[in-house]
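*Asks:* I'll drop the sequence and a predicted model, then ask my questions.
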Amino acid sequence: MRNRVREQRTQRGLSQAELATAVGVSRQTVISIESGRYLPSLPLAFTIARFFDLTVDKMFDPDDEEAGT
Amino acid sequence: MTAFIPPRVPPRLRKPAWIAVAGVLFAAAWLVRGGPLWWVSIPALIAAPARAAYLYWGAGQDTDAGALAGSRPDERQQQLSLRSRALACNLAVIAAFIGLTAAIAVKATWWWPFLVILAIAGLGYLFGLLNYGVTEAGTPDGLDTSHQTRSPVSS
């Protein structure tokens, strides 16, 4: 599962700690999501996607091997 | 009559408070036991607040362990804690089974505490299945039989 969290976060000039505060998780969890080590729950996936004004399938794509790298 | 409202313990204090209380109880047990080893209660009494203070300090750190110690885990940290506790429980059950088997084999009289541990673990597992919704699996294809009306064409 690839995601575009890091790409979107850096585009908006946010730190991992700022994103973590905005979506209500720890900085360590943002790091784990960005690196693909942790798959967020559906509510958290929606929260992250909405924060970046994207849909969940744009943010988290099981078939996209390129995005988020 | 006013209802009793328990005081709200700040999240960062919860685990240190439990550790301190458990340590004091452990020390009190040695003291009540008496005998030549009563002095064990003294280091136990010193270690309890020291451990609690260390945990309180750790709870302020920006780490996964700090979030767990401070009772403020997010969903990933909760999952970490849950999996770690499940692993610890599995290991405890394996150890209890080995202890029970060994105690039976050597005809020891101390076999029953192992059986108690295994029984608690087994009952706890069954209670967990019931409590966390194994009975709410529903019917296949989403058919809800509780609202099913009698067919006008059936006899």
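*Replies:* Alright, I've got the coordinates.

*Asks:* listing request: residues of chain A with sub-threshold pLDDT.
*Replies:* A:64-69 (pLDDT under 70).

*Asks:* quick one, helices of it?
*Replies:* Along chain A, the segments classed as helices by DSSP state H run A:5-11, A:16-23, A:27-34, A:42-51, A:56-59.

*Asks:* counting contacts, what elements does the fourth one pack onto?
*Replies:* So that's helix A:42-51. Helices and strands touching helix A:42-51, by 3 or more C-beta pairs under 8 Å, 6 or more residues apart in numbering or on different chains; DSSP states H and E, are helix A:16-23, helix A:56-59. (C-beta placed from N, C-alpha, C; glycine too.)

*Asks:* which outside residues touch that helix?
*Replies:* The contact list for helix A:42-51, computed with C-beta atoms under 8 Å, 6 or more residues apart in numbering or on different chains, reads A:5, A:19, A:22-25, A:33, A:40, A:55-56, A:58-60, B:75.

*Asks:* let me have the helices of chain A in TSV, extended by mean neighbour count.
*Replies:* Below are the helices of chain A laid out as TSV (neighbours: other C-beta atoms under 10 Å in any protein chain shown):
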stretch	mean neighbour count
helix A:5-11	17
helix A:16-23	17
helix A:27-34	21
helix A:42-51	16
helix A:56-59	16
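
*Asks:* which helix or which strand is home to residue B:100?
*Replies:* Using DSSP states H and E, the element containing residue B:100 is helix B:75-105.

*Asks:* any idea which helix or strand comes after that helix?
*Replies:* Next along the chain after helix B:75-105, taking DSSP H and E as the criterion, comes helix B:112-131.

*Asks:* mind checking how far that following helix is from the chain centre?
*Replies:* Relative to the centre of its chain, helix B:112-131 is centred 12 Å away, using C-alpha atoms, centre = their mean, to the nearest Å.

*Asks:* who in chain A is up against chain B?
*Replies:* Proximity of chain A to chain B is confined to A:24-29, A:32, A:38, A:40-41, A:44 under the rule C-beta under 8 Å from any C-beta of the partner chain.

*Asks:* stretch A:35-54: end-to-end distance?
*Replies:* End-to-end distance of stretch A:35-54 (C-alpha to C-alpha, to the nearest Å): 19 Å.

*Asks:* starting at the chain centroid, how far to that stretch?
*Replies:* On C-alpha atoms, centre = their mean, the centre of stretch A:35-54 falls 5 Å from the chain's centre.

*Asks:* how close does the closest residue in space to residue B:121 that isn't next to it in sequence sit to residue B:87?
*Replies:* Nearest non-adjacent residue to residue B:121, counting by C-beta to C-beta, 6 or more residues apart in numbering or on different chains: residue B:93, 5.0 Å away. Per C-beta to C-beta, to the nearest Å, residue B:93 is found 11 Å from residue B:87.
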